[in-house]
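Asks: got a sequence here, can you build the structure:
(one chain, ligands or ions: 1)
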Amino acid sequence: MFELDGRVAVVTGGNGGIGLGMARGLARAGARVVVAARNEAKSKAAVAELERLGAEALAVPLDVTDEASIAALVPAVTARWGRLDILVNNAGINIRKPAHELEPAEWRRVLDTNLTAAFLLARAVYPVMKRQGGGKIINIGSMLSIFGAAFAPAYGASKGGLVQLTKSLASAWARDNIQVNAVLPGWIDTDLTRQARREVPGLDELVLRRTPAGRWGVPDDLAGVAVFLASRASDFVTGAVIPVDGGFSIQL
Ligand code: NDP
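Replies: Numbers count the residues shown, from 1 in each chain. Presented below is the predicted three-dimensional model:
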């Protein structure tokens, strides 16, 4: 039920952090994994790591804010493996400033990377998935899909929007057997949050105090949910929004 042999998965930002954690899960379940990101050295290292797990893997350069780069992705994947079954919209950034200090260009950069890209990529993979008789799209939201934060107006807007986009795509494409779901990671130890810990005083203590599990998550904590949402096990699950947060979102 959970095996992904022969399936082709694209993970944006799959060269590090949560994306690589999910890529490892998909690879272990048998998928061929496309690591789609900007930093070629990091992507090369990620591909080597996935190959060491016994998977087939491919790095495709991708800037999710560049429409031409998005347009080139699907042909690059289908040229190599002839299909595309799973898309994980994981690439994301944050610019931590209160709204009165955030420049319009910074707002647009965050929205373009975290939200508009997910729409453009879903739109780009839809024809292939429809032709194949189905597919899986997994959008990576955040605790800021639910909560507000003074230091993250653009990030929160993008991640909240991603949940609503998930529900619209799920409704539109359910009859094409394409399931679209969102995962909301809690606080996971990655480059992104290491920077946040430097920029937001008291964040480390807050996370440890407020997370019922009493620890930061690690990227591999996201592997199981990725395999579930990419596999036949979730064929009747669509438009769902699943926190993977050690309980952060359920405790006052
Ligand atoms: P990282 O900074 O470790 O990874 C972000 C990834 O996104 C990188 O691999 C980067 O690759 C890629 N990326 C950024 N911009 C672009 C772009 N324009 N085009 C293509 N790829 C891009 O962060 P995380 O692993 O922590 O974050 C991954 C996702 O999880 C993000 O969407 C984030 O918002 C979300 N998230 C993270 C949480 C956490 O606690 N860590 C909590 C909740 C959500 P490259 O630089 O090579 O392009």
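
Asks: quick one, strands of the stretch 101-250 of the chain?
Replies: Remark: strands assigned in the stretch 101-250 of the chain by DSSP state E, counting those that start in this stretch are 135-140, 178-185, 241-244.

Asks: just say which of those strands is most tucked in.
Replies: When neighbours are counted by mean count of other CB atoms under 10 Å, the highest per-stretch mean among the strands of the stretch 101-250 of the chain falls to strand 135-140, a mean of 27. In short, each C-beta sits where N, CA and C put it, glycine included.

Asks: elements contacting that strand?
Replies: In terms of contacts (3 or more CB pairs under 8 Å, 6 or more residues apart in numbering; DSSP states H and E), strand 135-140 is packed against strand 86-89, helix 117-132, helix 153-173, strand 178-185, helix 223-230.

Asks: can you tell me which of the ones you listed is nearest to the ligand?
Replies: Closest to the ligand of the helices and strands packed on strand 135-140, according to CB to the nearest ligand atom: strand 178-185, at 3.8 Å.

Asks: count of residues packed around Ser168?
Replies: 13 (other CB atoms under 10 Å).

Asks: any idea how far it lies from Ser231?
Replies: Separation of Ser168 from Ser231 (CB to CB, to the nearest Å) stands at 23 Å.

Asks: thinking again about what came up before, in JSON lines: the strands of the stretch 101-250 of the chain, plus distance to Ala41 and mean pLDDT.
Replies: Converted to JSON lines, the strands of the stretch 101-250 of the chain look like this (distance: least, CB to CB, whole Å; pLDDT from 0 to 100):
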{"stretch": "strand 135-140", "distance to Ala41": "23", "mean pLDDT": "99"}
{"stretch": "strand 178-185", "distance to Ala41": "25", "mean pLDDT": "99"}
{"stretch": "strand 241-244", "distance to Ala41": "28", "mean pLDDT": "98"}
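
Asks: I'd like these as a markdown table, with distance to Arg198 appended.
Replies: Putting the strands of the stretch 101-250 of the chain into a markdown table (distance: least, CB to CB, whole Å) gives the following:
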| stretch | distance to Arg198 |
| --- | --- |
| strand 135-140 | 22 |
| strand 178-185 | 19 |
| strand 241-244 | 24 |
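
Asks: among those strands, which is nearest Ala36?
Replies: Shortest distance between Ala36 and the strands of the stretch 101-250 of the chain, using CB to CB, is found for strand 135-140: 13.6 Å.

Asks: could you dump the closest one to PDB, C-alpha only?
Replies: Extracted in PDB, the C-alpha atoms of strand 135-140 (Å, rounded to 0.1, in the frame of the first residue of the first chain):
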ATOM      1  CA  GLY A 135      -1.200  11.900  -9.300                       C
ATOM      2  CA  LYS A 136      -0.300  13.300  -5.900                       C
ATOM      3  CA  ILE A 137       0.400  16.900  -5.000                       C
ATOM      4  CA  ILE A 138       1.800  17.700  -1.500                       C
ATOM      5  CA  ASN A 139       2.000  21.300  -0.400                       C
ATOM      6  CA  ILE A 140       4.200  22.300   2.500                       C
END
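
Asks: that one pairs with which strands, and in what direction?
Replies: Counting by DSSP bridges, the strands paired with strand 135-140 are strand 86-89 (parallel), strand 178-185 (parallel).

Asks: buried ones in stretch 93-104, by neighbour count?
Replies: With burial defined by 16 or more other CB atoms under 10 Å, the residues of stretch 93-104 counted as buried are Ile93, Asn94, Ile95, Arg96, Lys97, Leu102.

Asks: where helices are concerned, which of the residues you listed count?
Replies: Assigned to helices by DSSP state H, none of these qualify.

Asks: enumerate the residues of the stretch 1-150 of the chain near the ligand.
Replies: Taking CB under 6 Å from any ligand atom as the criterion, the stretch 1-150 of the chain approaches the ligand at residues 12-13, 15-19, 37-39, 42, 62-65, 90-93, 113, 140, 142.
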